[in-house]
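**Student:** dropping a prediction and its sequence here:
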Amino acid sequence: QLIVATEATKKGLDKAPEVADQLDLAKQSILARAYVQDYFKKNPIDEKTLTAEYDKVKASVSATEYKARHILVKQESEAKDIIAKLNKNPKAFEALAKEKSVDPGSKENGGDLGWFDPQGMVPEFGAALTKLEKGKFSAEPVKTNFGYHVILLEDSRPKQFPPLAEVKPMLEQQLQQQNLKKLLDDLKSKAKIVI
């Protein structure tokens, strides 16, 4: 590579416009990468900041996770009809989900959504779910932007949040990226950019 590059320079190819542009871009890229690495090295994330971020993330996550099924339909009348059928036979939930639900992700599994954090669902769904008793289904259709849901709460349990040691590398990287973005935004706002 060195020999060929030397020959290219002898031929003056480094002065050719398309090659010179690529050389400039490569130099910029290497310098920018060196600047970022130097910034990370000189601005490590301290334990206090990491712990504070961990506590913040932990507080934002629901203390409880839920296991539920749902049946999604387009019309409120359909949902009410399903609820009426479930009142007569609560064990028919899975069969009704397979037959009536328009949610492709859970339909074939009898409406099963598995274990999840309600905050990951649309607000109306999460709010209705947390009010249900274990083994009960929603007495009224739950309207969301997807349609009308009939929700069955199968179980709930305290959510196990991973210890700090386990998520420390990910949190550290996240905080470094946030700090870097602030720095780059600041540099950009001070720079005179001419296009």
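**Tutor:** Received it, and whenever you're ready, just let me know what you need.

**Student:** per-residue confidence for the residue lying closest to Leu13 once chain neighbours are set aside?
**Tutor:** Distances taken as CB to CB, 6 or more residues apart in numbering place Val19 nearest to Leu13, at 5.5 Å, with adjacent residues excluded. In short, each C-beta sits where N, CA and C put it, glycine included. Listed pLDDT for Val19 reads 96.

**Student:** what do you get for Pro90?
**Tutor:** At Pro90, the model reports a pLDDT of 94.

**Student:** distance of it from Gly147?
**Tutor:** Taking CB to CB, to the nearest Å as the measure, Pro90 falls 22 Å from Gly147.

**Student:** and the residue nearest to Leu13, what element?
**Tutor:** Secondary structure from DSSP states H and E places Val19 in helix 17-42.

**Student:** what packs against that helix?
**Tutor:** Helix 17-42 sits against helix 164-190, with contacts defined as 3 or more CB pairs under 8 Å, 6 or more residues apart in numbering; DSSP states H and E.

**Student:** for the helix it packs on, packing partners?
**Tutor:** Using 3+ CB pairs under 8 Å, 6+ apart, helix 164-190 sits against helix 17-42, helix 47-60.

**Student:** deepest in the core, which of those is it.
**Tutor:** Ranked by mean neighbour count, the helices and strands packed on helix 164-190 are led by helix 47-60 with a mean of 12 (mean count of other CB atoms under 10 Å).
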